[in-house]
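K.L.:
show me the folded form of this:
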Amino acid sequence: MSTTESRATSTPPTAAETRATSETLEDYTLRFAPRGYRRWTPAVVATTALGGIAYMADFSIGAGIGLAHGTGNALLAIAVAAVVIFATGFPLAYYGARYNLDLDLITRGSGFGYYGSVLTGVIFASFTFIFFALEGSIMAQGLKLGLGLPLWLGYLVSTLMVIPLVIYGMSALSKLQVWTTPIWLLLMAGPLVYLVATDPGTVDRFLSYAGTDGKGGIDTASVLLGAGVCLSLIAQIGEQIDYLRFMPPKTDANKRAWWTAVVMAGPGWVVLGALKQAIGVFLAVYVLAEVGADAAPEPIQQFRGAFDAMLPSWLVVPLAVVLVVISQIKINVTNAYSGSLAWTNSFTRVTGHYPGRLVFVLVNLGFALALMEADMFSFLNDILGFYSNCAIAWIVTVATDIGVNKYLLRISPLRPEFRRGMLYAVNPVGVVAFTAASGLSIAMYFHALGDTLQPYSPVAAAVLAFVLTPLVAYVTKGRYYLRRTDDGLDEPMLDADGNPSAATYDCHVCHQSYERPDLAACATHDAVVCSLCLSTDRVGDHVLPAQPPLA
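P.N.:
Sure thing, here's the model as predicted:
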């Protein structure tokens with residue numbers, strides 16, 4: 001079909017369509033990230049993605065687990081969670097980088113369906129504002145210590161300062177993350193190296209710390225409770241994929257650099273995350289032994305104590321505040337950015353209306369500010385322990401669909417699909433597995449099945465999701481994955497190297513040029529329509545009809 005034909009049969013774009021086009025061409029909020037935009041090297045993409053995990057929450061999480069259950073149980077809990085997060089994050093990171101899709105688009109075709117994945121979109125959006133609030137609380141503690149700002153004002157400052165940085169999407173975020181990462185690494189690692197080198201006794205006190213119960217031995221329930229808190233971070237892979245989707249095509253020439261970037265910035269984020277959690281335990285034990293501070297779980301107090309051992313007193317608080325502020329900015333621009341993508345994806349699908357991503361930046365920040373003002377930091381582990389059950393069920397379900405249903409059983413289509421009209425509204429495979437796994441594990445977490453089983457709620461979430469995902473796919477024979485197998489275009493979806501095709505077509509609704517994977521034929525015109533215009537088509541005028549099932 002020709003561009004002339006498609007334009008001739010189209011109508012002028014509406015104001016909403018024009019706004020959707022102009023705002024999504026920078027960061028491709030709701031669509032496939034095209035090859036023409038992905039101009040960064042694998043190293044730059046990986047550095048940008050890893051810059052987003054500079055958050056201080058890991059220090060608080062590790063400290064909270066260590067102080068409650070002792071160093072031995074804390075380290076085992078951290079290790080168990082890290083293994084699960086790496087194993088489930090690998091297939092998701094590969095799909096995001098290989099096919100240039102964010103986690104919501106991957107979830108649609110990996111067991112949930114076009115509307116079914118709205119549920120997990122809200123789960124992911126919740127993850128972003130919960131952790132924004134946590135990081136904002138930590139920054140407010142730093143501003144109170146360094147500048148004397150009351151906490152309520154610190155919460156407001158930490159919220160408002162990220163807005164200008166989030167507006168410009170990947171272009172601005174890549175520069176921010178690359179330039180601030182070396183400073184952050186130096187400030188984080190320097191005091192730890194100094195303490196271990198100058199006072200080896202700190203290591204002995206760290207390893208022998210028994211926790212508040214005073215037992216000190218390895219306890220399965222304590223390990224699993226701690227792992228459940230750490231596993232609340234399992235949804236972090238979604239934020240990593242928000243960057244990894246901008247990876248360049250994988251070729252023979254760059255495959256080593258490509259794979260290194262995907263592994264390190266994808267599931268590999270958890271290696272640094274687990275290390276930070278262990279450092280959090282170490283610094284909390286150090287602060288308790290040296291200062292006896294009640295605020296040992298607070299990162300600002302941990303680094304204040306560590307800097308105090310190696311620097312002049314006048315430099316201690318300023319450097320601690322600088323570290324906290326840099327960390328908070330690096331992660332919270334990512335939280336605000338990824339949260340706005342998740343909210344926009346869900347809202348646009350449900351309503352058929354695109355109000356603009358910036359609207360949801362403000363919505364996400366509003367939720368985060370409310371949590372901060374409610375002093376969420378004081379009941380951090382309770383929030384994370386509950387949330388982890390939902391996050392685990394979602395991530396394990398999608399990872400199992402990719403790893404088992406697609407590659408092992410070949411029930412689920414191997415190539416990801418996300419376009420409206422190509423997918424069923426709801427796929428019972430993911431929805432049933434996720435709902436059952438999260439529902440039962442949440443019931444266990446709130447002691448509905450007895451006190452003995454309560455610590456095992458994260459295990460139940462993971463096991464149920466892993467078992468039910470292939471089981472439901474087998475029972476339904478995979479018939480609810482694809483509503484259509486033909487999108488009406490003759491051009492192959494992938495090129496000779498297996499990368500998404502760079503061939504371009506004009507969308508006859510918004511009159512913009514898009515690459516092949518983002519388009520489908522129009523049901524009513526001899527033309528093609530982009531994925532976002534399909535999403536905002538309230539009447540379903542352009543959406544292709546379902547194909548009859550094969551005999």
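
K.L.:
what segments of this protein are strands?
P.N.:
Along the chain, counting by DSSP state E, strands occupy 504-506, 513-515, 519-521, 528-530.

K.L.:
need these in CSV (columns: distance to F129 and mean pLDDT).
P.N.:
C-betas here are computed from N, CA, C, even on glycine. Converted to CSV, the strands of the chain look like this (distance: least, C-beta to C-beta, whole Å; pLDDT from 0 to 100):
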stretch, distance to F129, mean pLDDT
strand 504-506, 36, 93
strand 513-515, 31, 91
strand 519-521, 33, 94
strand 528-530, 29, 94
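
K.L.:
which of those is buried the deepest?
P.N.:
strand 528-530 (a mean of 29; mean count of other C-beta atoms under 10 Å).

K.L.:
how about residues contacting it?
P.N.:
1, 6, 31, 488-489, 505-510, 512, 514, 518-522, 537, 542 (C-beta atoms under 8 Å, 6 or more residues apart in numbering).

K.L.:
got it, and stretch 200-214?
P.N.:
Residues contacting stretch 200-214 (C-beta under 8 Å, 6+ apart): 66-74, 195-196, 216, 222, 281-282, 285-286, 289.

K.L.:
give me the distance between the nearest residue to P318 once chain neighbours are set aside and L384.
P.N.:
Spatial nearest neighbour of P318, excluding adjacent residues (C-beta to C-beta, 6 or more residues apart in numbering): G146 at 6.5 Å. G146 sits 27 Å away from L384, going by C-beta to C-beta, to the nearest Å.

K.L.:
also G226?
P.N.:
For G226 relative to L384 (C-beta to C-beta), the value is 11 Å.

K.L.:
which of these two has more neighbours?
P.N.:
Neighbour totals were compared for G226 and L384, and G226 leads with 31 against 23 (other C-beta atoms under 10 Å).

K.L.:
who touches that one in this structure?
P.N.:
G226 neighbours (C-beta under 8 Å, 6+ apart): 65, 68-69, 73-74, 76-78, 81.

K.L.:
mind running it again at 7 Å?
P.N.:
Residues counted as contacts of G226 (C-beta atoms under 7 Å, 6 or more residues apart in numbering) are 65, 69, 73-74, 77.

K.L.:
tell me the contacts of the nearest residue to it once chain neighbours are set aside?
P.N.:
The shortest distance from G226 to any non-neighbouring residue, by C-beta to C-beta, 6+ apart, is to A77 (2.9 Å). Going by C-beta under 7 Å, 6+ apart, A77 touches 65, 223, 226-227, 230.

K.L.:
can you rerun that using 6 Å?
P.N.:
65, 223, 226-227 (C-beta atoms under 6 Å, 6 or more residues apart in numbering).

K.L.:
now those residues in a markdown table, with pLDDT and distance to A433?
P.N.:
Below are the contacts of A77 laid out as a markdown table (pLDDT from 0 to 100; distance: C-beta to C-beta, whole Å):
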| residue | pLDDT | distance to A433 |
| --- | --- | --- |
| I65 | 91 | 28 |
| V223 | 91 | 26 |
| G226 | 89 | 26 |
| A227 | 90 | 21 |
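
K.L.:
for the residues you listed, which one is nearest Q277?
P.N.:
I65 (7.6 Å; C-beta to C-beta).

K.L.:
tell me the contacts of the residue most central in space within the chain?
P.N.:
What sits nearest the mean C-alpha location of the chain, by C-alpha atoms, centre = their mean, is G238, with 2.6 Å. By C-beta under 6 Å, 6+ apart, the contact set of G238 is 103, 124.

K.L.:
let's see that with 10 Å instead.
P.N.:
By C-beta atoms under 10 Å, 6 or more residues apart in numbering, the contact list for G238 reads 89, 92, 96, 102-104, 106-107, 120-121, 123-125, 127-128, 338, 341-342, 391, 394-395, 398.

K.L.:
re earlier: please name whichever of the strands of the chain is nearest to A448.
P.N.:
strand 519-521 (45.0 Å).

K.L.:
count the neighbours of S531 for me.
P.N.:
Neighbour number of S531 under other C-beta under 10 Å is 23.

K.L.:
no no, L489
P.N.:
Neighbours of L489 using other C-beta under 10 Å come to 16.
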